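Undergrad: please find the sequence and the predicted model below.
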Amino acid sequence: KAGVTQTPRYLIKTRGQQVTLSCSPISGHRSVSWYQQTPGQGLQFLFEYFSETQRNKGNFPGRFSGRQFSNSRSEMNVSTLELGDSALYLCASSLGDRGLNYGYTFGSGTRLTVV
Amino acid sequence: GDSVTQMEGPVTLSEEAFLTINCTYTATGYPSLFWYVQYPGEGLQLLLKATKADDKGSNKGFEATYRKETTSFHLEKGSVQVSDSAVYFCALSEYDMRFGAGTRLTVKP
């Protein structure tokens, strides 16, 4: 069966612009979580959605937002991009919320570069 | 809050050597514990999991036992291969999934 699909794989944006990243979870998975991965900070939790509701949010500014659609697909948006937003953004899906009991299946990520 | 601490790398081993990557956690309740592996240019892959105390997770020759008394979930493999070279992440899930900083493993022929 198809894995977690993230689009696009690579993105280059200019400071001040906004960006939208997309994630299609594994069929049947209702939980989608987003993480930011950087060499300095490692994996940092952004937010989790379960059945279209945001269940939890990490410690990121309001410029980072997300949503989940009725088909469980999710998008995250970053407005007013800063150089420090350059990172690999990973989406993960799970059968259960918080990945409890099942763990997460990750996508390959979107590499965002802000110039 | 919940947190995961894993041994800092990088770790370099020769092929067929024994591997241990230490992981300890802090949690308020009874989290599920996981090990993930990340190969270059890819997302993380679930390697193994344990959902309650004394559970042993295993996969591809890797093992880890959920030790509540020592709040640990150390990853072990008896004989590593060059193909095991990757970054390994310990994680726990209670209120959300928290990851350790990752340990880079390089296995030399």
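TA: Looks like it arrived, so ask away.

Undergrad: please make it C-alpha for all contacts and neighbour counts, starting now.
TA: Fine.

Undergrad: which residues touch residue 6?
TA: Reading this off chain A. By C-alpha atoms under 8 Å, 6 or more residues apart in numbering or on different chains, the contact set of residue A:6 is A:21, A:22, A:23, A:24, A:91, A:107, A:108, A:109, A:110.

Undergrad: oops, wrong one, chain B.
TA: Applying C-alpha under 8 Å, 6+ apart, we find residue B:6 in contact with B:21, B:22, B:23, B:24, B:89, B:90, B:100, B:101, B:102, B:103.

Undergrad: who's the first one bridged to?
TA: Same thing as residue B:21. Beta-bridge pairing for residue B:21 (DSSP bridges): residue B:75.

Undergrad: in this structure residue A:91 contacts residue A:26, no?
TA: No - Residue A:91 lies out of contact with residue A:26 (C-alpha atoms under 8 Å); the separation is 11.1 Å.

Undergrad: more neighbours, those two?
TA: A direct count of neighbours by other C-alpha atoms under 10 Å in any protein chain shown for residue A:91 and residue A:26 places residue A:91 higher, at 33 against 23.

Undergrad: check which residues of the one helix or strand the more buried one maps to are buried.
TA: Per DSSP states H and E: residue A:91 is located in strand A:87-94. Buried residues in strand A:87-94, counted by 16 or more other C-alpha atoms under 10 Å in any protein chain shown: A:87, A:88, A:89, A:90, A:91, A:92, A:93, A:94.

Undergrad: just those that are near chain B?
TA: With C-alpha under 8 Å from any C-alpha of the partner chain as the criterion, the buried residues of strand A:87-94 include residue A:90 near chain B.

Undergrad: return the distance of the residue nearest to residue B:64 when sequence neighbours are not counted relative to residue B:6.
TA: Once flanking residues are discounted, residue B:64 sits nearest to residue B:75: 4.8 Å by C-alpha to C-alpha, 6 or more residues apart in numbering or on different chains. Remark: distance between residue B:75 and residue B:6 (C-alpha to C-alpha, to the nearest Å) = 10 Å.
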